[in-house]
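Chemist: give me the fold of what follows.
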Amino acid sequence: MLLTADHVRLMARYNGWQNAQIMRAVDGVSLKLLTEDHGAHFGSILGTLNHLLWADRLWLNRFGAGVEPPGGGIAEGTALTPTGAAWSAERFALDGRISAWARDLLSIDLTGDLTWHSAVKGAGISRPLALCVTHMFNHQTHHRGQVHAMLTRAGLAAPETDLAFMPEDIE
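Modeler: Numbers count the residues shown, from 1 in each chain. Model (predicted):
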């Protein structure tokens, strides 16, 4: 699988743009609405956003990006932050780490395998690093799509999600 550093930087920009829009969308929204079960895999808007924060920390730690792994497992990850404001602060900081990691990558850094212990599988796993990096960004897009649907269902403005319409000046 060929993955270039330029593509990773593009996906990091997209991730930051998407999350900034979600931060604006949830700003001032009641905790009741953010934690209400909307029928998604992780239940609520905040639970899903927390899961993404948890998973991104885990993957960045595996990638050697200088990010501490999250505590607990997937189930505990949905409660990583208690409010939308706390999530926004943590997300902003982590997106900065993703951007810095991507900025410093060379395409050669994306070759070879990544090996880790998967608590979900209860075993050691080894996969191409490029596949794992692609998975991290795909995983973000998947769950942000769920958040988009939950925001829409709740009658809130959902963000623009089309990569082709991402502003050029987004860093």
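
Chemist: for the chain, give me the ranges with low pLDDT.
Modeler: Filtered on pLDDT under 70, the chain yields the residue ranges 171.

Chemist: the helices in it, which residues?
Modeler: 5-26, 31-35, 45-62, 74-77, 84-104, 129-153 (DSSP state H).

Chemist: possible to save those helices as CSV with distance to residue 117 and mean neighbour count?
Modeler: Where C-beta positions appear, they are placed from N, C-alpha and C, glycine not excepted. Formatted as CSV, these follow (distance: least, Cβ to Cβ, whole Å; neighbours: other Cβ atoms under 10 Å):
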stretch, distance to residue 117, mean neighbour count
helix 5-26, 24, 19
helix 31-35, 31, 15
helix 45-62, 10, 22
helix 74-77, 14, 14
helix 84-104, 22, 17
helix 129-153, 14, 18
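
Chemist: quick one: which of those helices is nearest residue 112?
Modeler: helix 129-153 (5.6 Å; Cβ to Cβ).

Chemist: one step back: of all the helices of the chain, which one comes closest to residue 164?
Modeler: In terms of Cβ to Cβ, the element of the helices of the chain nearest to residue 164 is helix 5-26, at 10.5 Å.

Chemist: now do that closest one: which elements does it pack against?
Modeler: helix 45-62, helix 84-104, helix 129-153 (3 or more Cβ pairs under 8 Å, 6 or more residues apart in numbering; DSSP states H and E).

Chemist: follow-up on the earlier one: right, and the helices of the chain - which one's nearest residue 160?
Modeler: helix 5-26 (6.8 Å).

Chemist: and the closest residue to residue 134 other than its chain neighbours, how far is that from residue 110?
Modeler: Spatial nearest neighbour of residue 134, excluding adjacent residues (Cβ to Cβ, 6 or more residues apart in numbering): residue 3 at 6.2 Å. Residue 3 is 5 Å from residue 110, where distance means Cβ to Cβ, to the nearest Å.

Chemist: equivalent analysis for residue 123, please.
Modeler: 24 Å.

Chemist: compare these two (neighbour count), which wins?
Modeler: Per other Cβ atoms under 10 Å, whichever of residue 123 and residue 110 has more neighbours is residue 110, with 22 against 8.

Chemist: isn't the more buried one right up against residue 133?
Modeler: Yes: look at residue 110 against residue 133 with Cβ atoms under 8 Å: they come within range, at 6.3 Å.

Chemist: touching both of the two, which residues are there?
Modeler: In terms of Cβ atoms under 8 Å, 6 or more residues apart in numbering, residue 110 and residue 133 are both contacted by the residues 3, 8.
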